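# make a model of this:
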Amino acid sequence: MARHLHLLRLLCLAVVVTAARAMFHFNFGNDLGHPFGGSSYTRHEIWRRAALASKARVARQTARLGKVLGKSGDISAADVTISPYADQGHWLTVGIGTPPQPSKLIIDIGSGLTWTQCKLLSPMARQLEPLYDPGKSSSFSLLPCSSKQCQEAVFTNKSCTNNKCLYENDYGSNVKASGVLASETFTFGVHRNVSLSALAFGCGKLSSGSIAGASGIMGLSPSPLSLITQLSIPRFSYCFTPFAERKTSPLMFGAKADLSKYKTAGPIQTISILRNPVEDIYYYVPLVGLSLGTKRLDVPAASLALKPDGTGGTVVDSGTTMANLVEPAFKELKKAVLETVKLPVANRTVEEYQLCFALPRGVSMDKVQTPPLRLHFDGGAEMVLPRDNFFQEPSPELMCLAVVQTPDSFAPSVIGNVQQQNMHVLYDVGNRKFSFAPTQCDQL
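Just a heads-up that it's a prediction; the model follows:
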């Protein structure tokens, strides 16, 4: 437990507020744990597990989005192997309750509700910390069905029993989370801590699937029950260190989330965060084109655009390691990569990758030069991805494109966490702006 409490460190004065009634400045910074930090997996094994988790996550998100959009899609439980949730994203340990009980939560900007496994519901999934016990907290309170949080919340299923707001979220691929809505005090930090009372959260369980030792999810999406929305946090930022290095990554909220305060390796660029007219699960950005090196690919901007019916578009995600592109964009990129990379296409298939090259015997991917992948945004901004941000080495002598085609025609393209590595990104939620700058993240 001492290790987890150490991870709660925070350089901020102690403050206690009631989130539902008070306005305050939540200026918080801490290091996120790596999905594979402390594991004994090799670099190749990390990439394979991450790719599997990425495919499973996209399937879950697409299935969930399809239900919101009224589209069934082509994804079924048989399509994707269930993958541990913790293989997909970075994590932070927080204290829940009074006194605080440590809980390891996966940071997810594609989820709204923050929830933890709760003794009240006899969870099935195993976790590292002791199970959160609301009976040992003086600040725990169930939210009635008439509460604003229960009324506004959108779940796969929602019901009211004995004035308890019960929910169930189906993420596809046989992964389900259920629980009861409640309010509780959350503590960030231990020596100089910030305690936030009356935060709505899920006291629940993962009914099926796995979160690989984590306790739950911290939702940072634009939706009503996310930590960002409940606390009216104007902006937040993170800087993911290279995935294969298994280092911690900085996460900042409020005044600490300011790219101009930190050293960058390139210019700070800013684009708009788009609003989906149908759902509030994701942060959408205006991707309009792609280039490989200096060659602009023949990708129609309309194929990347967010449609009036809420389909398509491009989202930024914290938990997906593989980039996803709609069919026209992926086909053009695959064609350009085949023309550019002077290596034989691998004659063996690798699960989860759609294009791989055979490396010469005894040669690693580090020795292969490739032009950068450039993401062009409306207004002229350009995110430049070096080789390690769009290629991976899942097996010795094998180099694979870390970009795949979206699983369904209505699904958005996805800029994942590996594409964002060594990139300091900022979500200015209040002004609906997304900023980014190349940065040596382990030096922040």
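# the longest strand in the protein is where?
strand 194-208 (DSSP state E).
# the helices in the stretch 101-250 of the chain, which residues?
For the stretch 101-250 of the chain, the helices identified by DSSP state H, counting those that start in this stretch occupy 148-152, 227-230, in order along the chain.
# show me what the longest one is packed against.
Counting contacts by 3 or more C-beta pairs under 8 Å, 6 or more residues apart in numbering; DSSP states H and E, the secondary-structure elements packed against helix 148-152 are strand 176-188. Every residue, glycine included, has its C-beta placed from N, CA and C.
# CA atoms of the longest strand of the chain as PDB?
In PDB, the C-alpha atoms belonging to strand 194-208 read as follows (Å, rounded to 0.1, in the frame of the first residue of the first chain):
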ATOM      1  CA  VAL A 194      -6.600  17.900  -2.500                       C
ATOM      2  CA  SER A 195      -9.900  16.300  -1.400                       C
ATOM      3  CA  LEU A 196     -13.000  16.800  -3.600                       C
ATOM      4  CA  SER A 197     -16.300  15.900  -2.000                       C
ATOM      5  CA  ALA A 198     -19.700  15.000  -3.500                       C
ATOM      6  CA  LEU A 199     -18.300  13.700  -6.700                       C
ATOM      7  CA  ALA A 200     -20.700  11.400  -8.600                       C
ATOM      8  CA  PHE A 201     -19.100   8.000  -9.300                       C
ATOM      9  CA  GLY A 202     -20.000   4.400  -9.900                       C
ATOM     10  CA  CYS A 203     -19.800   2.000  -7.000                       C
ATOM     11  CA  GLY A 204     -19.700  -1.100  -9.200                       C
ATOM     12  CA  LYS A 205     -18.000  -4.000 -10.800                       C
ATOM     13  CA  LEU A 206     -16.700  -5.400 -14.100                       C
ATOM     14  CA  SER A 207     -19.300  -8.000 -14.700                       C
ATOM     15  CA  SER A 208     -17.200  -9.700 -17.400                       C
END
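# mean confidence score for that strand?
Strand 194-208 shows a mean pLDDT of 81.
# same question, stretch 249-256
88.
# for it, buried residues please.
For stretch 249-256, a neighbour-count test (16 or more other C-beta atoms under 10 Å) marks 249-254, 256 as buried.
# ok now that stretch, how far from the chain's centre?
16 Å (C-alpha atoms, centre = their mean, to the nearest Å).
# equivalent analysis for stretch 374-383, please.
For stretch 374-383, the distance from its own C-alpha centre to the chain's C-alpha centre is 22 Å (C-alpha atoms, centre = their mean).
# care to break the chain down by domain?
What automatic domain parsing lists as the domains of the chain is 2-32+91-143+172-239, 263-438.
# winner for burial among those?
The densest packing among those, expressed as mean neighbour count by mean count of other C-beta atoms under 10 Å, is seen in domain 2-32+91-143+172-239 with a mean of 20.
# hang on, residue 329 packs against residue 304?
Yes - here residue 329 reaches residue 304: they are 6.3 Å apart, a contact under C-beta atoms under 8 Å.
# what residue is smack in the middle of this protein?
A centroid search over the chain (C-alpha atoms, centre = their mean) returns residue 318, at 2.5 Å, as the residue closest to the centre.
# now do the same contact list for that residue.
Contact criterion C-beta atoms under 8 Å, 6 or more residues apart in numbering gives 89-90, 107-110, 220, 238, 417 as the residues in contact with residue 318.
# what helix or strand does it sit in?
Using DSSP states H and E, residue 318 sits within no helix or strand.
# CSV for the domains of the chain, including distance to residue 160?
Formatted as CSV, the entries for those read as follows, by distance: least, C-beta to C-beta, whole Å:
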stretch, distance to residue 160
domain 2-32+91-143+172-239, 10
domain 263-438, 23
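# lowest average pLDDT across the ones you listed?
Of all the domains of the chain, mean pLDDT reaches its minimum on domain 2-32+91-143+172-239 (a mean of 75).
# dump the residue contacts of residue 409.
Contacts here follow C-beta under 8 Å, 6+ apart; on that basis residue 409 touches 311, 326-327.
# hmm, try it at 7 Å
Contact criterion C-beta atoms under 7 Å, 6 or more residues apart in numbering gives no residues in contact with residue 409.
# tell me the SS of it?
Using DSSP: H, G, I helix; E, B strand; the rest coil, the secondary structure recorded for residue 409 is coil.
# measure it to residue 154 for me?
23 Å (C-beta to C-beta, to the nearest Å).
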